[in-house]
Every structure is written in C-alpha cells, then in structure tokens.
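Trainee: Have a look at this fold, sequence not included:
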C-alpha cells in the first residue's frame, strides 16, 4: 500500500509570491491534516479536512488556506509569501474522521524556501 | 491550553547504551492521548506509540519501552541497547478528546547514537 505522497518535495519561491502544495493520502484514507515545521516554532497544526470540509484550523493567518477534493487529495495554499514561511510542510492522512485518538500517517513533507 | 515539554534538546550516546527521552505534558482535559513519533533524516514522522489517559500500564516493544505516569504528567520513552539506526529526532505529542486530530507537539529531541 503506497504511503502519503506530497508534491513537490522541494520548492523555492520569492517573497510576495504564492504557492500551492499537494498531498495525496493513503488509498482509502479520508482525512488529511497539515503541519508546519520550523526550527523556531517546531511542529504546528495548520488545519484538517474530512469530506471536503475544513474541520479544524490552527492559529495561522488567513494567507494560509487549504481544500480537499472528493478523492480525499488535499492542497494547501500560501499567498503573499514571507521569509518566515520557509518551513517543512507535512501532511498526514487518517483512515476515517479526524478523531483525537487516531494514528496519523505522515508524508515526507514539502520543503519550502522563501527568498 | 495544552503543552508538551521535551526539556532535552540533544542527546548523544554510544551504541548499546540505554537512553531515556523525557516528555512532560499539560492539559486540563481528563481524556486525552499521548503519542511518540520518530523523524529520521528523510523527514516523515513515523508513529511509535499511542497511549490514552486512562491506561497507565507501561509498554514494551522490543528495545523500546514507555513509562506513563499521570501523577507527574510524564510519558517517557526508553531505548535499550541503542543502535546507530535509532539516530533521529523524537517527538512527544498530545491530542485532546474531541472530533479533531490536532496534535500538540513538543520541540523534539535529537538523538545521536555513535558507533
């Protein structure tokens, strides 16, 4: 069974640009959550999706958005990039609804560098 | 508010030594889950263990063992007879009860096992 796929793996952008990251969950999994990992702030929850609906959102500005498609694939978008958005963005998939006890299966991440 | 503290930032041991990674958490919830994840250099988070707040039984899995103590709000992880392949960043995380999968992570502990 294939794992979580994230594309692209590496991305370089300049300040002010926007970026879209993609996450394909494990086949049959229906929930996707996103995390940002930086050296300073560590791992922080961005948002989670189930049945094409955002179910929970972390404390990030509105420049960070996402969506989920009917095939459970998810994208996140960051507009007006800032230097501080440079991070590893991790996506995780869950087999069913997002519940607190679920094991999450993480992808390899997308390394975003903002110049 | 929830918080996870991993006071150790970096640990270096020689192969075959035992090592304990500490995790202290804060939550007002009576129902919650605790997790440990491993992050090898490849980047993806690998699930190691999940423990609910009502189960204080210690767990052993091969060379890995976990000690959960609600009285001290700690969930420590011990690797016995460490190996070079154990070198990674280890994260402790907390998930509160509810219809969401949000994980609150500690800052992580970088473990280096030298041959």
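Mentor: Done, it's in. Nothing here was measured: the structure is a model prediction, and the numbers come from that model.
Trainee: For chain A, which residues are neighbours of chain B?
Mentor: Counting by C-beta under 8 Å from any C-beta of the partner chain, chain A comes close to chain B at A:3-4, A:31, A:33, A:35, A:42-45, A:48, A:55-56, A:58, A:88, A:90, A:92, A:94, A:97-109, A:111. Using the backbone N, CA and C atoms, a C-beta is placed for each residue, glycine as well.
Trainee: if we go to 6 Å?
Mentor: When proximity is defined as C-beta under 6 Å from any C-beta of the partner chain, chain A approaches chain B at A:33, A:42-43, A:45, A:48, A:56, A:94, A:98, A:100-103, A:106-109.
Trainee: Kindly indicate the member of those with the most neighbours.
Mentor: Using other C-beta atoms under 10 Å in any protein chain shown as the neighbour test, the residues of chain A next to chain B are led by residue A:33, with 30 neighbours.
Trainee: Just name whatever secondary elements the one helix or strand that one maps to is in contact with.
Mentor: Applying DSSP states H and E as the criterion places residue A:33 in strand A:31-38. With contacts taken as 3 or more C-beta pairs under 6 Å, 6 or more residues apart in numbering or on different chains; DSSP states H and E, strand A:31-38 sits against strand A:42-50, strand A:87-94.
Trainee: residues contacting the spatially most central residue of chain A?
Mentor: What sits nearest the mean C-alpha location of chain A, by C-alpha atoms, centre = their mean, is residue A:34, with 3.3 Å. Neighbouring residues of residue A:34 by C-beta atoms under 6 Å, 6 or more residues apart in numbering or on different chains: A:46, A:47, A:76, A:91.
Trainee: which of those has the most neighbours?
Mentor: Per-residue neighbour counts (other C-beta under 10 Å) across the contacts of residue A:34 peak at residue A:91, which has 29 neighbours.
Trainee: what's the neighbour count on the closest residue to that one other than its chain neighbours?
Mentor: Spatially, and ignoring its direct neighbours in sequence, residue A:91 is nearest to residue A:23 (3.5 Å; C-beta to C-beta, 6 or more residues apart in numbering or on different chains). Residues lying near residue A:23 (other C-beta under 10 Å) number 27.
Trainee: So what's the residue count around residue 12?
Mentor: I'll assume chain A. Neighbour count of residue A:12, defined by other C-beta under 10 Å: 12.
Trainee: wait, I meant chain B there
Mentor: Residue B:12 has 12 neighbouring residues, counting by other C-beta under 10 Å.
Trainee: Okay, and it sits in which element?
Mentor: In this assignment (DSSP H and E), residue B:12 forms part of strand B:10-14.
Trainee: list the contacts for residue B:56?
Mentor: B:68, B:70.
Trainee: ok, now with 7 Å
Mentor: B:68, B:69, B:70 (C-beta atoms under 7 Å, 6 or more residues apart in numbering or on different chains).
Trainee: Going along the chain, name the strands of the chain.
Mentor: You didn't pick a chain, so chain A it is. If DSSP state E is used as the criterion, the strands of chain A fall at A:5-7, A:10-13, A:19-24, A:31-38, A:42-50, A:53-57, A:64-68, A:74-78, A:87-94, A:105-106, A:110-114.
Trainee: if you could check chain B rather than the one you did, that'd help
Mentor: Along chain B, the stretches classed as strands by DSSP E are B:3-5, B:10-14, B:19-21, B:24-26, B:32-39, B:46-52, B:59-61, B:64-69, B:74-79, B:88-96, B:104-105, B:109-114.
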